[in-house]
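all I have is the shape, not the residue letters:
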């Protein structure tokens, strides 16, 4: 089993930066993809950013939702013990609960085996 725990959420002003972190523990031998999703009130959970460590598309390939390209950056350690999300130039539309996810295969859908409980990010305009 794999456990994920997010940290770093909070209340910020528009234009501020914030970095989320997610500690990964347990049997990670079959974890080859890590991602961040978010869910705003009244909306569906959506893909934000992900890392594909399988090597199928190049080791460490990063993907981003169009809404965060150029502002957010995902990073992970080689030991698969943590994944982070650096968020710059935050906007009120970024307000959501942010979840980290991990699993055997990279996807932009919610088809990940392991999920954290989420951390709230609120951006005041």
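Yep, that arrived. This structure is a prediction, so every number in the text was calculated from the model and none was measured. Residues are numbered from 1 along each chain as shown.

going forward, measure contacts between C-alpha atoms and count neighbours the same way
OK.

low-confidence stretches in the chain?
55-59 (pLDDT under 70).

what about the strands in it?
2-7, 10-13, 18-26, 33-39, 46-52, 61-64, 72-76, 82-87, 96-103, 114-115, 119-124 (DSSP state E).

next, format these as TSV and append mean neighbour count.
Converted to TSV, those look like this (neighbours: other C-alpha atoms under 10 Å):
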stretch	mean neighbour count
strand 2-7	19
strand 10-13	15
strand 18-26	18
strand 33-39	25
strand 46-52	23
strand 61-64	18
strand 72-76	20
strand 82-87	20
strand 96-103	25
strand 114-115	20
strand 119-124	20
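
distance of the nearest residue to residue 84 once chain neighbours are set aside relative to residue 90?
Nearest non-adjacent residue to residue 84, counting by C-alpha to C-alpha, 6 or more residues apart in numbering: residue 21, 4.2 Å away. Relative to residue 90, residue 21 is positioned 16 Å away (C-alpha to C-alpha, to the nearest Å).

can you check residue 75 too?
18 Å.

swap in residue 63?
19 Å.

I'd say residue 100 and residue 119 touch.
No - using C-alpha atoms under 8 Å, residue 100 makes no contact with residue 119, being 9.1 Å away.

what touches both of these two?
Common contacts of residue 100 and residue 119 (C-alpha atoms under 8 Å, 6 or more residues apart in numbering): residue 6.
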